[in-house]
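[1] coords please:
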Amino acid sequence: MDHNPDRLCVWPGYFDARTSRRSGRRVPKDSSVLKPDLEGLFLAARKLGLKKIKREERVSHPARPHQGEGRMWVSRTGSKQSVGANSKEELLQLIGAQWRQMQREQKEANADRVARGPQTGDRRARSQRKGRGAAATPQRSSFKKRPGFKKR
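    Next comes the predicted model:
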């Protein structure tokens, strides 16, 4: 691929909260996320206001060749115009803060939905909520017919 000084390469591994700075995280802990992936990175960049973005899936970072995490190319001039980021580090921190906020909102919405319970008329969800699991219901194949046993 040709060198283009206008493009910035952004890897999802830069935002991994489980890794240290020495291992490859490039943002502070308050801008990092759990389980970063390319799709989440792309959505956070879009929500931040970046327009010129290109994704490459199944590409490995040279320091992490076993992970096919993918990468994202961002236009340097586009990021300066739309977000006001003067450097790559500033852009990474803005994307990370947006991504973490998105994860927090998703977690709160999920917890709220679980707390509300199933909707009225949702029989499948209501039956699953009653606590009848596979261990509580006997399997028909485990019952053996006895000679004098009669079904009612």
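
[2] mind naming the longest helix for the protein?
    The residue-count maximum for a helix in the chain (DSSP state H) belongs to helix 88-116.

[3] how far out from the middle of the chain is it?
    How far helix 88-116 lies from its chain's middle: 10 Å, per Cα atoms, centre = their mean, to the nearest Å.

[4] in this protein, which spans are helices?
    Using DSSP H, helices in the chain cover 38-48, 76-82, 88-116, 123-129.

[5] could these go into JSON lines alongside distance to Arg7, mean neighbour count and mean pLDDT?
    The C-beta positions use only the backbone N, C-alpha and C, and glycine is treated the same way. JSON lines is the format used below for these (distance: least, Cβ to Cβ, whole Å; neighbours: other Cβ atoms under 10 Å; pLDDT from 0 to 100):
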{"stretch": "helix 38-48", "distance to Arg7": "14", "mean neighbour count": "18", "mean pLDDT": "97"}
{"stretch": "helix 76-82", "distance to Arg7": "7", "mean neighbour count": "16", "mean pLDDT": "95"}
{"stretch": "helix 88-116", "distance to Arg7": "11", "mean neighbour count": "15", "mean pLDDT": "95"}
{"stretch": "helix 123-129", "distance to Arg7": "47", "mean neighbour count": "11", "mean pLDDT": "71"}
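
[6] so which of the ones you listed is nearest Val27?
    helix 88-116 (4.2 Å; Cβ to Cβ).

[7] which strands or helices does the closest one pack on?
    strand 7-10, helix 38-48 (3 or more Cβ pairs under 8 Å, 6 or more residues apart in numbering; DSSP states H and E).

[8] and those as JSON lines, adding distance to Arg26?
    Formatted as JSON lines, the helices and strands packed on helix 88-116 follow (distance: least, Cβ to Cβ, whole Å):
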{"stretch": "strand 7-10", "distance to Arg26": "9"}
{"stretch": "helix 38-48", "distance to Arg26": "13"}
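
[9] Glu105: which of these is closest?
    Glu105 lies closest to helix 38-48 among the helices and strands packed on helix 88-116, at 10.6 Å (Cβ to Cβ).

[10] other SSEs contacting the closest one?
    strand 53-56, strand 71-75, helix 88-116.

[11] for Arg25, which of these is the nearest?
    helix 88-116 (9.6 Å).
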